[in-house]
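Asks: the following block contains a protein sequence and its predicted model.
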Amino acid sequence: KAGVTQTPRYLIKTRGQQVTLSCSPISGHRSVSWYQQTPGQGLQFLFEYFSETQRNKGNFPGRFSGRQFSNSRSEMNVSTLELGDSALYLCASSLGQLADTQYFGPGTRLTVL
Amino acid sequence: DQQVKQNSPSLSVQEGRISILNCDYTNSMFDYFLWYKKYPAEGPTFLISISSIKDKNEDGRFTVFLNKSAKHLSLHIVPSQPGDSAVYFCAASEDSNYQLIWGAGTKLIIKP
C-alpha cells in the first residue's frame, strides 16, 4: 500500500506570494490533517479534513486555508506569505476515527525569502 | 500555553543502556497518548500508544508508562540501539476531540 505523498518536497517563495501544497493520503483513509513544524516548536496543528469537511482547526490566521476533494486528496494554501511561514509542512492521514493512528508524509519544506 | 511539554530538547544515551524520554501534560481531559519517532527528512512514524485506563503498555523494546495523577508519561527504550537515534514526539488527545496536541520533541542520540 502506498504511503502518504506530499508535493512538492521543497519550495522557495518570496514574501507576499501565495503557495499551494498537496497531500495524497493512504488509499481508504478519509481524514487528512496538516501540521507546521518549526525548530523547537514541535508540530503545530493547522486543520483536519474528513470527508471533504473541515472537522478541526488550529490557531492559525486566516491566511492558512485548506480543502479536501472527494478522493480524500487535500490541498493547503497559504496566502500573503511571511518570513515566519518558513517551516516544514506535514500532512497525515488516518481512517478518521478517534484514536486512529496517523500516518505522515515526508513533508514540504517551504522557505520564504 | 503548551498543553504537552517535553522539557528535554535532547538526550544522549550509551548503546545498550536504557533511554527514558519524558512528557508532561496539563489538560486532565487527555485520555489517549502516543509517541512518534521522526528521522531527518521523513515524516513522524507512530511508535506506541496508551489510553488512560492503563498505566503501562509494552511493545518489544519500547514501554510507555502513564502516571495520571502526576500528568506525566515516559517512554523507555531498552536496550537502546543506534537506529533509535531520532526525534521523539509525544502527543495527546481527548476522547471527544480528534485533534492531537503535540510536544516539541526530544532528540535522542545513541552513542556507540
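Replies: Looks like it arrived, so ask away.
Asks: report the separation between the nearest residue in space to A:Thr38 that is not next to it in sequence and chain B.
Replies: Closest residue in space to A:Thr38, ignoring its immediate chain neighbours: A:Ala87 at 4.7 Å, by Cβ to Cβ, 6 or more residues apart in numbering or on different chains. In short, each C-beta sits where N, CA and C put it, glycine included. Applying Cβ to the nearest Cβ, to the nearest Å, one obtains 14 Å for the distance of A:Ala87 from chain B.
Asks: tell me how many other residues crowd A:Ala87.
Replies: Burial measure for A:Ala87: 20 neighbouring residues, criterion other Cβ atoms under 10 Å in any protein chain shown.
Asks: and what of B:Arg17?
Replies: Here the number of neighbours of B:Arg17 (other Cβ under 10 Å) works out to 13.
Asks: what sits against it?
Replies: B:Pro79, B:Ser80 (Cβ atoms under 8 Å, 6 or more residues apart in numbering or on different chains).
Asks: which strand or helix spans it?
Replies: With elements taken from DSSP states H and E, nothing contains B:Arg17; it lies in neither a helix nor a strand.
Asks: could you verify my assumption that A:Thr108 touches A:Gln6?
Replies: Yes - A:Thr108 lies in contact with A:Gln6 (Cβ atoms under 8 Å); the separation is 5.2 Å.
Asks: give me the common contacts of these two.
Replies: Residues touching both A:Thr108 and A:Gln6 (Cβ under 8 Å, 6+ apart): A:Leu21, A:Tyr89.
Asks: dump the residue contacts of B:Arg61.
Replies: With contact taken as Cβ under 8 Å, 6+ apart, B:Arg61 is in contact with B:Ile77, B:Val78, B:Pro79, B:Gln81.
Asks: identify the residues contacting the closest residue to A:Gln18 other than its chain neighbours.
Replies: What sits nearest to A:Gln18 in space, not counting adjacent residues and going by Cβ to Cβ, 6+ apart, is A:Ser79, at 4.4 Å. A:Ser79 makes contact with A:Gln18, A:Arg63, A:Ser65, according to Cβ under 8 Å, 6+ apart.
Asks: just B:Ile50 next, same as before
Replies: Residues counted as contacts of B:Ile50 (Cβ under 8 Å, 6+ apart) are B:Tyr32, B:Phe33, B:Leu34, B:Lys56, B:Asn57, B:Val64, B:Leu66, B:Leu73.
Asks: 10 Å instead, please
Replies: Counting by Cβ atoms under 10 Å, 6 or more residues apart in numbering or on different chains, B:Ile50 touches B:31-35, B:56-58, B:63-66, B:73, B:75.
Asks: tell me the buried residues within these.
Replies: Applying a neighbour-count criterion of 16 or more other Cβ atoms under 10 Å in any protein chain shown, the buried members of the contacts of B:Ile50 are B:Asp31, B:Tyr32, B:Phe33, B:Leu34, B:Trp35, B:Asn57, B:Thr63, B:Val64, B:Phe65, B:Leu66, B:Leu73, B:Leu75.
Asks: which residues does the last one form beta bridges with?
Replies: So the one you mean is B:Leu75. Under the criterion DSSP bridges, B:Leu75 forms beta bridges with B:Leu21, B:Val64.
Asks: around chain A, pick out the residues from chain B.
Replies: On the criterion Cβ under 10 Å from any Cβ of the partner chain, chain A has as its neighbours in chain B the residues B:2, B:4-6, B:9, B:31-32, B:34, B:36, B:38, B:41-46, B:49, B:51, B:87, B:89-91, B:93-105.
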